[in-house]
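Participant: When you get a sec, could you give me coordinates for this:
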Amino acid sequence: MYLGWLLVVFCQCLIVFSKENDTLVAVQMLYRHGDRTPMAVYPNDPNKKLVYRETSSAQLTNKGKERQYKLGQWLRKRYNGFLPSKYSNSDIKILTDDEDRCFMSAMSNLAGLYPPKGQQIWNKDIKWQPIPVRFNLSLQTPENCPVYEDLSNKAELELFEDICSQHGDILEYLAEKTGAEINDMATLVYTIIDPLKCEEAQGLKLPKWTDTVYPKPLVDWVSLYYSLGTSSSKLAQFRIGPVFQSILDHFENVNEKVIMYSSHDSSLVDIVYTLQPNHPKFWPEFASVVILELWQNKDEEYVKLTLKRDNTIEEINIDQCGVKCNLEKFKKLVEPVALTLEKRQQLCKN
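Facilitator: Numbers count the residues shown, from 1 in each chain. The predicted model follows:
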């Protein structure tokens, strides 16, 4: 029996299936972890103690756990007719980057996706069950890879020089107010802009001087920064190639119904820009998710790409392929970027 047309109900975030000609075969998704504390703070940050009152640097906050839990509930509603509500390791595989916040985000998400029912209830007072989460090396950028580092550093330097030439006055203003030496994009993003975003997410009051620069243009600069990962096919291979190889492998040989990747904002945008280079630049909010669905009808198999950011859901036209991208065309689009971890390691040595 075939399942048919897909109706996305935005107010309730549901997928409704009717008996036509299309059936959902497999789902792969990659989400950004939930809210975290900053990796660093700038010298003059008035919130430098308050922002770490709950936990240490770069760690998932309680709000981040809740946001991921709600994403899990949203996914349950969306796929309830496809993914059984009773957990089985044959239905889903959960993979994560090797960061505390990614592991914890996956576990929080699964608490919303799989509340225990029936025989899976092991304690009537605890509406939670343990579900395995596995580290996956594909989600990490390469280490000890001079070729990748040179390409990445060059792209970052070019962007920083462009910002310096066009917005030198703003950089001087930031240096004066923050007390930071701003010599590169990493300092600008992770020592100044990222702390502002994390503090805002915690509900902390930002200093008055930020009114003229945050969110714009600072957030726009971060969006440009994260778009660098796919600014060349070689960079894209190093950054997201192994993930795309895993995606292709699973769509060609479907085992589990769902593959879930718990990762970072950079990985999410790398997927979007690889599949649609003309997508507007953006910085994914905490717990944003990009979803790849494999569908089948009597004529073909095709892939659909969906991006969820907060309460906004967007079906993305895959480059030169459309909203319903024939699987063979999808493979041809992705194959120049996709590569195994072993192949990536070889490229690092060349």
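Participant: any weak-confidence spans in the stretch 101-250 of the chain?
Facilitator: Of all residues in the stretch 101-250 of the chain, none has pLDDT under 70.
Participant: For the stretch 151-300 of the chain, just list every one of the strands.
Facilitator: 258-263, 289-296 (DSSP state E, counting those that start in this stretch).
Participant: So which elements touch the longest one?
Facilitator: In terms of contact count using 3 or more CB pairs under 8 Å, 6 or more residues apart in numbering; DSSP states H and E, strand 289-296 is assigned the packing partners strand 23-32, helix 233-252, helix 265-275, strand 301-309. For glycine as for every other residue, the C-beta is placed from the backbone atoms N, C-alpha and C.
Participant: Kindly recompute the last result at 7 Å.
Facilitator: strand 23-32, helix 265-275, strand 301-309 (3 or more CB pairs under 7 Å, 6 or more residues apart in numbering; DSSP states H and E).
Participant: about what we covered before: ranking the strands of the stretch 151-300 of the chain by burial, who's on top?
Facilitator: Most buried of these, by mean neighbour count (mean count of other CB atoms under 10 Å): strand 258-263, with a mean of 25.
Participant: Now do it against strand 23-32, angle only.
Facilitator: Using axes from the mean of the first three to the mean of the last three CA atoms, to 10 degrees, the direction of strand 258-263 lies 10 degrees away from that of strand 23-32.
Participant: Please enumerate the helices of the chain.
Facilitator: 62-79, 100-113, 146-178, 185-187, 194-201, 218-227, 233-252, 265-275, 327-334, 341-349 (DSSP state H).
Participant: To residue 36, which of those helices lies closest?
Facilitator: Between residue 36 and the helices of the chain, the shortest gap by CB to CB is with helix 100-113, which sits at 4.9 Å.
Participant: about what we covered before: now tabulate the strands of the stretch 151-300 of the chain in JSON lines and tack on distance to residue 144.
Facilitator: Converted to JSON lines, the strands of the stretch 151-300 of the chain look like this (distance: least, CB to CB, whole Å):
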{"stretch": "strand 258-263", "distance to residue 144": "21"}
{"stretch": "strand 289-296", "distance to residue 144": "29"}
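Participant: Test my guess that residue 141 contacts residue 239.
Facilitator: Yes. In this structure, residue 141 is within contact of residue 239 by CB atoms under 7 Å, at 5.7 Å.
Participant: who's more crowded, these two?
Facilitator: Counted by other CB atoms under 10 Å, residue 141 and residue 239 do not tie: residue 239 has more neighbours, with 25 against 19.
Participant: who touches that one in this structure?
Facilitator: 141, 229, 270 (CB atoms under 7 Å, 6 or more residues apart in numbering).
Participant: Tell me the one among these nearest to residue 294.
Facilitator: The closest of the contacts of residue 239 to residue 294 turns out to be residue 270 (CB to CB; 20.0 Å).
Participant: Okay, residue 61 and residue 201: tell me how far apart.
Facilitator: 8 Å (CB to CB, to the nearest Å).
Participant: what sits in contact with each of the two?
Facilitator: Contact criterion CB under 7 Å, 6+ apart; residues shared by residue 61 and residue 201: residue 35.
Participant: Flag every buried residue along stretch 99-110.
Facilitator: If you call a residue buried by 16 or more other CB atoms under 10 Å, then stretch 99-110 has these buried ones: 99, 101-110.
Participant: where in the stretch 251-350 of the chain is pLDDT low?
Facilitator: Under the criterion of pLDDT under 70, none of the stretch 251-350 of the chain is flagged as low confidence.
Participant: one more time with 80, if that's ok
Facilitator: Scanning the stretch 251-350 of the chain for pLDDT under 80 picks out 350.
Participant: Quick one: neighbours of residue 68, just the number.
Facilitator: Count around residue 68 with other CB under 10 Å applied: 31.
Participant: One more: the one 4 residues further on?
Facilitator: With neighbours defined by other CB under 10 Å, the count for residue 72 comes to 23.
Participant: Residue 115 contacts residue 121, doesn't it?
Facilitator: No. Checked against CB under 7 Å, the pair residue 115 and residue 121 is beyond contact range at 9.1 Å.
Participant: For the two, work out which one has more neighbours and name it.
Facilitator: Counted by other CB under 10 Å, residue 115 and residue 121 do not tie: residue 115 has more neighbours, with 17 against 14.
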